[in-house]
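J.: need the 3D shape of this:
(one chain, ligands or ions: 1)
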Amino acid sequence: MIELLFLLLPVAMAYGWFMGRNSIKQNQQIAKQDLSIKYSTGLNYLLSNQQDKAIDSLLDALKVEDDSVEAHFAMANLFRKRGELDRALKVHEHLVRLNHLPTKDKQQAVFELGKDFLSAGLYDRAETMFIKLLKSKDYGLKSLTYLLKIFQSTKDWQQGIDRQKLIVKYNDKRSLHTLANFYCELATTAFEKDQFIEVIELLEQALLLDPNSCRANWLMAKIYENHEQCELAAKCYQAIYHQDNEFFPDVIDPMLACYTRLDALDEFYSFIKKVYDETASSSALICYLSHVENKHGKKKALDFILSALKRRPTIRGFEHFVNMQMTPSNTDVSNTSLDLIKELISEYLKVKHRYSCRTCGFDSSTHYWSCPSCHEWEQLKPVRGLEGE
Ligand SMILES: [Zn+2]
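T.: Model (predicted):
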């Protein structure tokens, strides 16, 4: 009898294993059913526009399985895009609180939460989130970029400068360019107080971070001029042309004043001629024409502008051409007609914007170092083409 029991033992074990396996399967199935019920309830709420109930239901579903994390990020980002920041915050805060999320997902949740706070204008909270991620491999640089945006909005230039070590370590061109402008902002304040040494030191730092910062050379030229160091100022003006020739038309007038003080107008005009040959800018053309007229007479200057306008017509060039025609030798009748044409052109140019942002296309009659629309630095430059340079 006992032998028979021993014979039945493997059968009992196999039965036990089979039943146990079935029970795990059943548990998994129940969990999946539970998940799918919560999901479909959530989706139903979402479709019937009961978004708060939908969020609760979907967040509940998240407790069950990690696979849905991406879907939650997508849902929260959609809320943020639609301006429903409280809902986006709720989802991201929930994701941050989940202990079982992998580090990468958790960091993404903190990053997105920072963006939510930023969109809501809660700068201090956004700052706290981004600071948490500064050492992250995936989110370090992105967080640093957002931090710089916050410091720019709050005009907290020094805070940005305090992060210089990290910015230099990342060696990201855009962040270096931003930081150079933070130095320029401090230099502008020092310039207003005429603190010569401070201005020069701050601008040297700016140029070290971003050798292409025209703004730094522009300010440096101005402070040198104010302190009777016109030769150094002239070098800064020339440097601006090599840094960014699109910005140069705005430099021509102060540069002329500087070279006049230096009594080096021949050198100035040969530089302007080079600028005109290389860029065909209408400001450079108009400036150079006064030199041609002084040196070789009016006829030569008229020939020069006519051939220039044939090659590259611009409204400003044409306005100058009309101006040159208005001489006392002309009859009163023709002067009246020219007056009318000149007035028409001036009115036309008045409604045209002088500057456009190279990043977002924002147009403006006033120059700003930071674009009022996209907030990029040094992107507002004189308009090119028929109606501009
Ligand atoms: Zn812009």
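
J.: run through the helices of the stretch 151-300 of the chain in chain order.
T.: For the stretch 151-300 of the chain, applying DSSP state H, counting those that start in this stretch gives helices covering 157-162, 164-170, 173-192, 196-209, 214-226, 230-243, 252-262, 265-279, 282-296, 298-311.

J.: give me whichever of these is most buried.
T.: Looking across these with neighbours counted as mean count of other Cβ atoms under 10 Å, the highest average goes to helix 214-226: a mean of 23. C-betas here are computed from N, CA, C, even on glycine.

J.: quick one: residues contacting the residue in the stretch 51-200 of the chain positioned nearest to the ion.
T.: The ion sits closest to Gln152 of the stretch 51-200 of the chain, with a gap of 13.3 Å, by Cβ to the ion. Listed by Cβ atoms under 8 Å, 6 or more residues apart in numbering, the contact partners of Gln152 are 160, 178, 182, 370, 375.

J.: okay, now the nearest residue to Thr154 once chain neighbours are set aside: neighbour count?
T.: The shortest distance from Thr154 to any non-neighbouring residue, by Cβ to Cβ, 6 or more residues apart in numbering, is to Tyr123 (6.0 Å). Each residue near Tyr123 was counted by other Cβ atoms under 10 Å, and the total is 16.

J.: what's the separation between Tyr123 and Arg82?
T.: 22 Å (Cβ to Cβ, to the nearest Å).

J.: same deal with Gln205?
T.: 42 Å.

J.: now Ala234
T.: Distance, Ala234 to Arg82, by Cβ to Cβ: 55 Å.

J.: again, but for Lys342
T.: 52 Å.

J.: ok, Thr128 next?
T.: In terms of Cβ to Cβ, Thr128 sits 25 Å off from Arg82.

J.: between those two, which one's more packed in?
T.: Thr128 (14 against 11).

J.: give me phi/psi at that one?
T.: As for Thr128, its main-chain torsions (degrees, to the nearest 10) stand at phi -60, psi -40.

J.: do the same with Lys381
T.: According to degrees, to the nearest 10, Lys381 has phi -130, psi 160.

J.: isn't it right up against Gln243?
T.: No - the criterion here is Cβ atoms under 8 Å, and Lys381 misses it with Gln243 at 11.9 Å.

J.: pLDDT at the residue nearest to Gln238 when sequence neighbours are not counted, what is it?
T.: Closest residue to Gln238 apart from its sequence neighbours, by Cβ to Cβ, 6+ apart: Phe271 at 6.7 Å. Here the pLDDT value assigned to Phe271 is 96.
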